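Undergrad: Provided below for reference: sequence and predicted model.
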Amino acid sequence: MPLLTTTDLTISFGPHWVVQDVSCAIERGELVGLVGPNGAGKTSLLRALVGLIDPDRGVVRLDGRAISEMPPRQRARQIAYLPQSPTVHWPLAVRRLVALGRLPHLDPWQAPSGEDEAAIDEALAATDIVDLQSRTLGTLSGGERRLATLARALAVGADLLLADEPVAALDPGHQLQVMELLARLTRSSRAAIVVLHDLTLAARFCDRLILLHRGEIRAEGRPDQVLNDANLAEVYGIRARFGEPPERYIVPWERIAPNELPRNTS
């Protein structure tokens, strides 16, 4: 049984459809990249998968159970979520922020156990921010804050991680570190869905890609199947240069003039 499934998922804001009839299945052990241009519906889809917005129609199931039927605390233990622009209003120390990831496992007013502290330590080490743990968030750079919020999501220890642009604001070394971390995370029985704009990172690290365009799945499959000339031209309006196998890189090379763009006949 797939870990996560969606069936005919459709989301609108007012009169505008942002996700239309999306059906997909995510297996354990998969790192799935969610790609597509700005406004394609990626963030809205991710928020629906975690239960933060209700779809107009369709259903999201985790291990066969509709997430709308799951108690919030159980859902929070099984699905970890890193939003695109996480906001923290209090001057928390980094370790305290990461510790928030353990709240779904604790009863009210319960102190963290040794297992919780170990999970916090592991998340700090995995994101390479152990030396930042006593600093407050206001003293960190944008990239360091991004790593801290990723560590909070990792500390949950959930079966499924949903990460919206986890490498945004990171330098190249930390981008590679985060993608390597996500790849390792999903080698066991876990899975991750990650929104990416860097097509080379998507092609190199993801087992499978889902390409969204205007709220619909335009292509799904292996990176080499999805990120081809035709799809890049239609969805992004670009031409790209590709690394020859076994190297997997994609360099957006030039924009395509509007009169040269392929027409969508679907």
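TA: Yep, that arrived.
Undergrad: what about residue 11, which SS state?
TA: Secondary structure, DSSP: H, G, I helix; E, B strand; the rest coil: residue 11 is strand.
Undergrad: state the distance from it to residue 20.
TA: Residue 11 sits 8 Å away from residue 20, going by C-beta to C-beta, to the nearest Å. Every residue, glycine included, has its C-beta placed from N, CA and C.
Undergrad: can you pull out the helices in the stretch 151-266 of the chain?
TA: Secondary structure of the stretch 151-266 of the chain by DSSP state H, counting those that start in this stretch: the helices cover 172-185, 199-205, 223-226, 229-231.
Undergrad: so which of those is the most packed in?
TA: Counting by mean count of other C-beta atoms under 10 Å, helix 199-205 has the highest mean neighbour count of the helices of the stretch 151-266 of the chain, with a mean of 22.
Undergrad: pLDDT averaged over that one - what is it?
TA: In this model, helix 199-205 has a mean pLDDT of 96.
Undergrad: which helices and strands sit right next to it?
TA: strand 31-35, helix 172-185, helix 223-226, strand 250-255 (3 or more C-beta pairs under 8 Å, 6 or more residues apart in numbering; DSSP states H and E).
Undergrad: each with direction, which strands does the first one pair with?
TA: In the sheet, strand 31-35 lines up against strand 191-195 (parallel), strand 208-213 (parallel) (DSSP bridges).
Undergrad: out of these, deepest packed?
TA: Ranked by mean neighbours (mean count of other C-beta under 10 Å), the strands paired with strand 31-35 are led by strand 191-195, with a mean of 25.
Undergrad: from the chain's centre, how far out does that one sit?
TA: 4 Å (C-alpha atoms, centre = their mean, to the nearest Å).
Undergrad: let's have the strands paired with strand 31-35 in a markdown table, adding mean pLDDT and distance to residue 112.
TA: Formatted as a markdown table, the strands paired with strand 31-35 follow (pLDDT from 0 to 100; distance: least, C-beta to C-beta, whole Å):
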| stretch | mean pLDDT | distance to residue 112 |
| --- | --- | --- |
| strand 191-195 | 97 | 25 |
| strand 208-213 | 97 | 36 |
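Undergrad: I'd like those strands as JSON lines, with distance to residue 100 appended.
TA: Below are the strands paired with strand 31-35 laid out as JSON lines (distance: least, C-beta to C-beta, whole Å):
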{"stretch": "strand 191-195", "distance to residue 100": "20"}
{"stretch": "strand 208-213", "distance to residue 100": "29"}
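Undergrad: quick one: which of the helices of the stretch 151-266 of the chain is nearest residue 191?
TA: Of all the helices of the stretch 151-266 of the chain, it is helix 172-185 that lies closest to residue 191, at 8.8 Å by C-beta to C-beta.
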